[in-house]
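Novice: Please work out how this folds:
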Amino acid sequence: MGIKCFLVEPVAKIRIWARRYSKSVPNCCPKYPGEHSYHNAMNLIGDFDFPLVPHGEYENWDTFVETLRPPAGDPLWPAKCECGATFENSDTIERGGQMFVHRLHKRSDNGELVTLRDAPAGAMWRAWWMQHEGRYWDWDNQTEAPLMCETPNGGEWNIDGRASNCTLPNDRLHRCWVRHGIPPLVTVDKNGLTYAAGAGSIISRGWHGFLRNGELVP
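Specialist: Reported below is the predicted structural model:
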């Protein structure tokens, strides 16, 4: 069975959390292990109306968000990391904690509001920010923002991007994944101007599969 894909489109709302984290001790947190380990926790403050801005403009919501900052000592600031470790008084930033913000997006299949951070496998969206000086990053003939897809293991696949094993690294006209159809009913294969390696599949964080007729298929 495949995972059906769906579009997520930005709406005029943002979601705000109160966040605390600590990165003072290496390899300290089992939830976030490794060389750059850190303790982390967030409590939801809520969803708030905030206007959309034209693509390419900076979303400056700092002033609005600061009006919602809980005072020091407020229980909205997490007392413990997700792993259960207690934060020390020194484990604070920006006058007591970080206000964590994400734009909300509406799912095309059921209308649910999600952030790109929390979107489940199958979510598709346009990465309009992947451009510099009016040109998209990988191709000279890219006329629309790259199409992204959330894979089943939490990875983000740039369907219109360049593959890590691309055999034409200096060519800016072909596509590593040739996309057909109108999102989210998309099929990806090698039927078009492409590079030599691969068979149109994606390997992302250990998940290996195909995108066929709007479904992620292992």
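Novice: just checking, what packs against the strand ranked longest in the chain?
Specialist: In the chain, assigned by DSSP state E, the strand with the most residues is strand 6-22. The contact analysis (3 or more CB pairs under 8 Å, 6 or more residues apart in numbering; DSSP states H and E) places strand 6-22 against strand 39-49, strand 98-107, strand 113-115, strand 123-126. Where C-beta positions appear, they are placed from N, C-alpha and C, glycine not excepted.
Novice: For those, give me JSON lines that also has mean neighbour count.
Specialist: JSON lines is the format used below for the helices and strands packed on strand 6-22 (neighbours: other CB atoms under 10 Å):
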{"stretch": "strand 39-49", "mean neighbour count": "16"}
{"stretch": "strand 98-107", "mean neighbour count": "18"}
{"stretch": "strand 113-115", "mean neighbour count": "14"}
{"stretch": "strand 123-126", "mean neighbour count": "20"}
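Novice: Which of those sits closest to residue 76?
Specialist: For residue 76, the closest of those is strand 39-49, at 5.1 Å, according to CB to CB.
Novice: quick revisit: just send the helices and strands packed on strand 6-22 back as JSON lines, with mean pLDDT too.
Specialist: Listed next are the helices and strands packed on strand 6-22 as JSON lines, based on pLDDT from 0 to 100:
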{"stretch": "strand 39-49", "mean pLDDT": "95"}
{"stretch": "strand 98-107", "mean pLDDT": "96"}
{"stretch": "strand 113-115", "mean pLDDT": "98"}
{"stretch": "strand 123-126", "mean pLDDT": "97"}
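Novice: residues contacting residue 197?
Specialist: Residues near residue 197 by CB atoms under 8 Å, 6 or more residues apart in numbering: 163, 165, 166, 167.
Novice: thinking again about what came up before, of all the helices and strands packed on strand 6-22, which one comes closest to residue 32?
Specialist: strand 39-49 (6.1 Å).
Novice: Could you point out which residue ranges in this structure have low pLDDT?
Specialist: Within the chain, the segments meeting pLDDT under 70 span 24-27, 90-96, 133-134.
Novice: go again using 80 as the cut-off
Specialist: Low-confidence segments of the chain (pLDDT under 80): 1, 23-28, 34-36, 56, 88-97, 132-137.
Novice: surely residue 70 meets residue 99?
Specialist: No. With contact defined as CB atoms under 8 Å, residue 70 does not count as touching residue 99 (9.1 Å).
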